[in-house]
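> got a predicted model here, sequence first, then my questions.
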Amino acid sequence: MSRHTKIVATLGPASSDPLILENLVHAGIDVVRMNFSHGKAADHVARAKAVREASIRARRPVGILADLQGPKIRVGRFADNRITLIKDAAFILDAQCELGDATRVGLDYKDLPRDVKPGDVLLLDDGRLKLDVERVIGAEIHTRVRVGGELSNNKGINRQGGGLSAPALTAKDMEDIRTAAEIGADFLAVSFPKSAADMYMARQLMRAVGGQALLIAKIERTEAVANLDEILEASDGIMVARGDLAVEVGDAAVPALQKKMIRAARDRNKLTITATQMMESMINSPVPTRAEVSDVANAVLDGTDAVMLSAETASGSFPIEVVEAMSRVCLEAEKSTDITLDRDILNRVFTRIDQSIAMAAIWTAHHLKVKAIAALTQTGSTALWMSRLNAGVPIYALTPEVNARNQMTLYREVYPLLMSQAHQDRDLMLWEAEQVLLEQGVVERGDLIVLTIGEPLGTTGGTNTLKIVRVGEHPQPAQIATPL
């Protein structure tokens with residue numbers, strides 16, 4: 001439980017075997033990502049079941065993130081599966097074309113001709129190819145190749161600078177939200193949202209089918225960067241999705257945007273995941289490059305809650321090794337994380353009692369150099385607030401709610417544990433909390449810890465009490481309830 005930064009690993013052919021999945025949990029994954037761009041509903045249901053079973057066997061909570069495909073704006077198919085675009089050659093994107101050739105190709109997004117105009121630059125295949133739009137005639141976009149190369153079936157299209165009108169939620173996404181609710185997904189990642197409205201719609205759809213997932217907005221459009229504040233307000237967290245984002249805003253702009261977005265999210269008590277190509281060389285190599293190590297470390301130093309692996313664990317040759325490598329890098333980077341708690345707390349205004357208790361707890365824990373903070377919580381809100389500021393003290397969130405425990409797997413510096421909380425005696429509850437921490441081996445008798453709890457007991461949002469105790473100094477109560 002020593003690593004603060006969480007690891008999200010994408011499931012795929014290389015990681016779906018039950019034994020490999022269990023080994024991944026032991027290696028350190030905290031959340032699994034299920035990419036709904038691939039596979040059918042039945043596949044996702046089976047994988048989710050396997051994840052829950054592996055978590056139980058490993059005696060370690062693991063969250064599930066369902067990642068929606070979103071609007072994929074792609075070229076169609078070619079008669080020979082691929083062509084080569086020659087610099088300065090004419091090339092047509094034709095919404096009515098069935099099978100492409102060296103002169104034209106079809107589009108899966110039929111409204112693209114209405115979204116572009118002469119002078120626009122279209123980027124294909126993650127920006128590897130560039131086309132200058134010269135004119136639009138009906139369903140045809142006439143372009144001139146600026147940067148050529150090989151183009152194969154179904155490669156993606158972006159417009160430089162953004163501005164495409166495709167909706168964030170497609171009909172497929174709406175069906176996939178139903179599947180996400182069925183498997184009990186803890187997080188729902190919404191691809192290509194442009195505004196708060198996209199996130200509100202996703203939340204409504206998820207709640208309508210009984211899902212309780214936290215909403216993660218993937219920031220990968222220029223419009224999303226411009227509307228970041230409102231998207232944060234409508235979401236529970238964001239994913240810095242650096243692939244499509246780099247294509248739209250330019251790769252040189254991404255590092256500064258990453259820092260800005262993580263800082264903005266933490267200031268608003270929201271979650272952050274940093275994603276895309278973090279250790280991509282380890283798809284085929286047992287060790288990362290030095291640049292990848294620095295990339296992961298910088299995300300940790302930026303304050304991200306989690307770093308994410310995609311193809312590295314989904315289809316790579318070394319899924320276990322890449323998780324172990326990422327964990328080592330996170331641990332090393334965390335040793336040099338600056339603690340600016342005093343300044344950060346002085347710059348905040350608290351209007352809620354429970355949030356004030358959370359801030360007082362981390363302030364006290366930091367200055368008293370206690371061994372741990374134990375937050376007795378129903379929903380995880382208290383633990384989330386504590387985790388937004390780096391106190392250098394581990395936060396153990398004790399909850400009776402399985403859903404809350406699984407959602408807290410993504411909170412930086414928070415270690416969620418189940419505890420029954422089945423009675424209404426505060427002193428007994430606090431004593432039980434000590435026993436849970438002792439059983440987990442994270443504290444010893446004589447250690448100083450900070451405990452937070454709400455009265456009346458079991459009330460959501462009711463944290464109103466902070467207590468500093470020395471573990472083991474109080475005698476065992478006459479009546480105890482057995483912790484889960």
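Sure, I can see it. Numbers count the residues shown, from 1 in each chain.
> how far is the one helix or strand residue 301 maps to from where the chain is centred?
Counting by DSSP states H and E, the secondary-structure element that holds residue 301 is helix 290-302. For helix 290-302, the separation from the chain centroid amounts to 17 Å (computed by Cα atoms, centre = their mean, to the nearest Å).
> helices or strands up against whichever helix or strand comes after it?
Per DSSP H and E, the first helix or strand lying C-terminal to helix 290-302 is strand 306-309. Secondary-structure packing of strand 306-309 (3 or more Cβ pairs under 8 Å, 6 or more residues apart in numbering; DSSP states H and E): strand 6-10, strand 271-275, helix 290-302, helix 319-334. Bear in mind the C-beta positions are built from the backbone N, C-alpha and C, glycine included.
> hmm, 7 Å instead?
If you count contacts as 3 or more Cβ pairs under 7 Å, 6 or more residues apart in numbering; DSSP states H and E, strand 306-309 packs onto strand 6-10, strand 271-275, helix 319-334.
> against which helices or strands is the last one packed?
When contacts are defined as 3+ Cβ pairs under 7 Å, 6+ apart, helix 319-334 packs onto strand 6-10, helix 18-27, helix 290-302, strand 306-309, helix 311-314.
> contacts only, for residue 221.
By Cβ atoms under 7 Å, 6 or more residues apart in numbering, the contact set of residue 221 is 162, 192, 194, 248.
> do the same with residue 410
Residue 410 touches 6, 30, 31, 63, 187, 271, 305, 306, counting by Cβ under 7 Å, 6+ apart.
> closest to residue 313 out of the residues you listed?
residue 31 (11.7 Å; Cβ to Cβ).
> so what pLDDT did the closest one get?
You'll see residue 31 listed with a pLDDT of 98.
> and for it, nearest residue in space, chain neighbours not counted?
Closest residue to residue 31 in three dimensions, ignoring its sequence neighbours and counting by Cβ to Cβ, 6 or more residues apart in numbering: residue 63, at 4.1 Å.
> how about residue 81?
Closest to residue 81 by Cβ to Cβ, 6+ apart is residue 153, at 5.7 Å.
> same check, this time on residue 261
Nearest to residue 261 is residue 240, by Cβ to Cβ, 6+ apart, at 5.5 Å.
> thinking that neighbour is in contact with residue 274, fair?
Yes - assessed by Cβ atoms under 7 Å, residue 240 is found in contact with residue 274 at 4.9 Å.
> overlap in contacts, those two.
By Cβ under 7 Å, 6+ apart, residue 240 and residue 274 have these common neighbours: residue 258.
> which residues of the stretch 201-350 of the chain score low on pLDDT?
Along the stretch 201-350 of the chain, segments meeting pLDDT under 70 span 340-344, 346-347.
> hmm, back to that, just send the helices and strands packed on strand 306-309 back as CSV, with mean neighbour count and distance to residue 75 too.
Formatted as CSV, the helices and strands packed on strand 306-309 follow (neighbours: other Cβ atoms under 10 Å; distance: least, Cβ to Cβ, whole Å):
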stretch, mean neighbour count, distance to residue 75
strand 6-10, 26, 25
strand 271-275, 26, 24
helix 319-334, 21, 31
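> could you dump the ones you listed into a markdown table with distance to residue 413 added?
Compiled in a markdown table, those are given as follows (distance: least, Cβ to Cβ, whole Å):
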| stretch | distance to residue 413 |
| --- | --- |
| strand 6-10 | 9 |
| strand 271-275 | 12 |
| helix 319-334 | 9 |
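> identify the residues contacting the residue nearest to residue 31.
If you count contacts by Cβ under 7 Å, 6+ apart, residue 63 has them with 30, 31, 186, 187, 406, 407, 409, 410.
> so of those, which ones are in strands?
Among those, the ones falling in strands (DSSP state E) are 31, 187.
> residue 255 sits in which helix or strand?
Judged by DSSP H and E, residue 255 forms part of helix 254-267.
> now do that helix: distance to the chain's middle.
For helix 254-267 - counting by Cα atoms, centre = their mean - the centre lies 14 Å from the chain centre.
> also stretch 230-242?
Chain-centre distance of stretch 230-242: 10 Å, with Cα atoms, centre = their mean.
> give me the residue at the spatial middle of the protein.
Nearest to the mean C-alpha position of the chain, by Cα atoms, centre = their mean, lies residue 273 at 3.9 Å.
> who's that residue bridged to?
Beta-bridge pairing of residue 273 under DSSP bridges involves residue 239, residue 306.
> and it, what does it touch?
8, 216, 239, 304, 305, 306, 308.
> ok, now residue 73?
Counting by Cβ under 7 Å, 6+ apart, residue 73 touches 109, 112, 156, 157, 164, 166.
> hang on, the earlier thing: show me which of the contacts of residue 273 is closest to residue 124.
Closest approach between the contacts of residue 273 and residue 124, by Cβ to Cβ: residue 239, at 23.4 Å.
> I'd say that closest one and residue 216 touch.
Yes - using Cβ under 7 Å, residue 239 is in contact with residue 216, at 5.4 Å.
> common neighbours of those two, please.
Contact criterion Cβ under 7 Å, 6+ apart; residues shared by residue 239 and residue 216: 189, 273.
> and these two? Which one has more around it.
Here residue 239 and residue 216 are compared on neighbour count by other Cβ atoms under 10 Å; more neighbours surround residue 239, at 30 against 27.
> now residue 217, nearest residue through space, not along the chain?
residue 235 (4.3 Å).
> could you find the closest non-adjacent residue to residue 259?
residue 302 (5.2 Å).
> what about that neighbour, neighbour count?
Neighbour count for residue 302, taken as other Cβ under 10 Å: 20.
> for it, which residues are in contact?
Residue 302 neighbours (Cβ under 7 Å, 6+ apart): 258, 259, 262.
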